[in-house]
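Asker: Here is a sequence together with a model predicted from it:
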Amino acid sequence: MMRNTQIKPLAASASLLAAITLISALGTGGSAFAQGAPQAITEKRTDVVQLASGYRASKLSGADVYNRNKDNIGTLDDLIVSPGTERTTYAILSVGGFLGLGKHLVAVPFNDLQIDNRRIVLPDGTKKSLEALPEFKYAD
């Protein structure tokens, strides 16, 4: 009986480890299994109180974007994190158009935007300069 009680926790631990490994691999598109690469998880302490006072992407979506002259130059359509190891965040801005027709989507680095009291500012942006950027199109 003693032998069985010692094996069960070990078997449960092995099952849990296998499940975590499977979930981790699925989260990366299965590439961890295909490449045989070990996965490392780094923990970092976060000040959750300070983080909670930040700006949620869901609340920023649809917000008007202004320049330093307080001209409305577009609307924040979306935020996209680039693939790869850099994980740069881009703001997808909608410029031009009327009632959603003829709008032109462009990508600008999120770090170029300033957010103050829920007001989004691209200081040196103009409608004309944004419309001159290459058009952004969603992959799907």
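Answerer: Okay, I see it.

Asker: need the strands for the protein, in chain order.
Answerer: Per DSSP state E, the chain carries strands over the ranges 64-66, 72-81, 89-95, 104-109, 114-116, 119-121.

Asker: in the chain, what spans have low per-residue confidence?
Answerer: 1-37, 98-101 (pLDDT under 70).

Asker: Show me the residue sitting in the middle of it in space.
Answerer: Most central in the chain under CA atoms, centre = their mean is residue 81, positioned 4.2 Å from the mean C-alpha point.

Asker: what domains does the record give for the chain?
Answerer: Domain ranges of the chain: 2-35, 57-131, per automatic domain parsing.

Asker: returning to what we had before: now, of the strands of the chain, which is deepest in the fold?
Answerer: Stretch with highest mean neighbour count among those: strand 89-95 (a mean of 20; mean count of other CB atoms under 10 Å). Heads up, the C-betas are built off the backbone N, CA and C, glycines and all.

Asker: Can you report how many residues neighbour residue 88?
Answerer: 12 (other CB atoms under 10 Å).

Asker: Quick check: nearest residue in space to it, chain neighbours excluded?
Answerer: Leaving aside its chain neighbours, residue 88 sits nearest to residue 82 (4.7 Å; criterion: CB to CB, 6 or more residues apart in numbering).

Asker: Backbone torsions only: list them for the one you found.
Answerer: Main-chain dihedrals, residue 82, degrees, to the nearest 10: phi -70, psi 150.

Asker: Measure how buried it is and give me the count.
Answerer: Count around residue 82 with other CB under 10 Å applied: 12.

Asker: now residue 134
Answerer: Using other CB under 10 Å as the criterion, residue 134 is surrounded by 9 other residues.

Asker: Excluding chain neighbours, what is closest to it?
Answerer: Excluding its sequence neighbours, the residue lying closest to residue 134 (CB to CB, 6+ apart) is residue 106, at 7.2 Å.

Asker: can you check residue 59 too?
Answerer: Closest to residue 59 by CB to CB, 6+ apart is residue 118, at 7.6 Å.

Asker: now residue 66
Answerer: Looking at residue 66 with CB to CB, 6+ apart, the closest residue is residue 121, at 5.3 Å.
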